[in-house]
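Asks: Got a predicted structure here, sequence first:
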Amino acid sequence: MTLASESLPSIGAVLLRPFYRRSPVEVARDLLGKVLVHGKTSGTIVETEAYLGEGDLAAHAARGITGRTRVLFGPPGHAYVYFIYGMYECLNLVAEPEGKAGCVLIRALEPVAGVDLMRRRRPTARKAEDLANGPGKLTLAMAITRNQNGADVTRGSLTVHEPVVRQPVEIAVTRRIGITQSADLPLRFLIRGNRYVSRGTAQLT
DNA sequence: GGTAGGATGGGCT
DNA sequence: GCCCATCCTACCC
């Protein structure tokens, strides 16, 4: 080991609340290339979707404040984790100022740290590309559950960071996946050419 | 390479 | 009672 590698930071600065206090579209775009950290696992965010408040019928927040959607109307920079299809959980990060709904769904990660742990949590994944290339897969790989719903992601065990080495990425924009309402809006963002994007999109290079 | 169908349970009308 | 911001398996090119 060299002195240089020892002094290299393992992770960049944590993203603070003003980063999230913006429109979901801006936050979704800017989250690409950032690093999600939970416990011993981390991964680079390579695919996101923006969900708006009023007018976006695909968004949970479209039907107003309920027990489930309350966190979406709360302060930005918190996790919104919901249970879907009786089996899976999806991670969102709350955007917009407090009182206005909006969030970003994290759809795919390129694993960085704790890959062995992720493999144990995702025994059906045959390749590294399959560990976290979907919203339900990445929560399994990183052990993110509804226990993290409402958690402050600017501090604590679940956080998002600047990458150690910031590299320019080309961003592709498409319609969102797996929805029927408001399906034509260009609200999905992904790193063009990245092999860890969700199923059926890797060819979009 | 591709896709049809089933698993499975909470949220909301 | 219906609807899901999904994933996996089986099966078919």
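Replies: That came through fine.

Asks: Run through the bridge partners of A:T48.
Replies: Note on A:T48: beta-bridge partners A:I106, A:F189, judged by DSSP bridges.

Asks: Let me see the contact set for it.
Replies: A:T48 makes contact with A:28-29, A:31-32, A:104-107, A:188-190, according to C-beta atoms under 8 Å, 6 or more residues apart in numbering. From N, CA and C alone the C-beta is placed, and that goes for glycine too.

Asks: What is the nearest of those to A:L91?
Replies: Minimum distance to A:L91 across these is 4.9 Å, recorded for A:I106 (C-beta to C-beta).

Asks: re earlier: return only those of the contacts of A:T48 found close to DNA strand C.
Replies: Applying C-beta under 7 Å from any atom of the strand to those, one finds that A:L105 fall near DNA strand C.

Asks: Distance check, the residue nearest to A:L91 when sequence neighbours are not counted against A:A132.
Replies: The shortest distance from A:L91 to any residue other than its chain neighbours is 4.9 Å, reached at A:I106 (C-beta to C-beta, 6 or more residues apart in numbering). A:I106 sits 9 Å away from A:A132, taking C-beta to C-beta, to the nearest Å as the criterion.

Asks: returning to that earlier point: need the contacts of A:T48 in JSON lines with pLDDT, neighbour count and distance to A:Y20, can you?
Replies: Output for the contacts of A:T48, formatted as JSON lines (pLDDT from 0 to 100; neighbours: other C-beta atoms under 10 Å; distance: C-beta to C-beta, whole Å):
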{"residue": "A:A28", "pLDDT": "98", "neighbour count": "29", "distance to A:Y20": "11"}
{"residue": "A:R29", "pLDDT": "98", "neighbour count": "16", "distance to A:Y20": "13"}
{"residue": "A:L31", "pLDDT": "98", "neighbour count": "24", "distance to A:Y20": "9"}
{"residue": "A:L32", "pLDDT": "98", "neighbour count": "20", "distance to A:Y20": "15"}
{"residue": "A:V104", "pLDDT": "98", "neighbour count": "27", "distance to A:Y20": "9"}
{"residue": "A:L105", "pLDDT": "98", "neighbour count": "24", "distance to A:Y20": "14"}
{"residue": "A:I106", "pLDDT": "98", "neighbour count": "28", "distance to A:Y20": "13"}
{"residue": "A:R107", "pLDDT": "98", "neighbour count": "29", "distance to A:Y20": "17"}
{"residue": "A:R188", "pLDDT": "97", "neighbour count": "21", "distance to A:Y20": "19"}
{"residue": "A:F189", "pLDDT": "97", "neighbour count": "24", "distance to A:Y20": "16"}
{"residue": "A:L190", "pLDDT": "97", "neighbour count": "26", "distance to A:Y20": "20"}
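
Asks: ok so, going back, joint contacts of A:I106 and A:A132?
Replies: A:L138.
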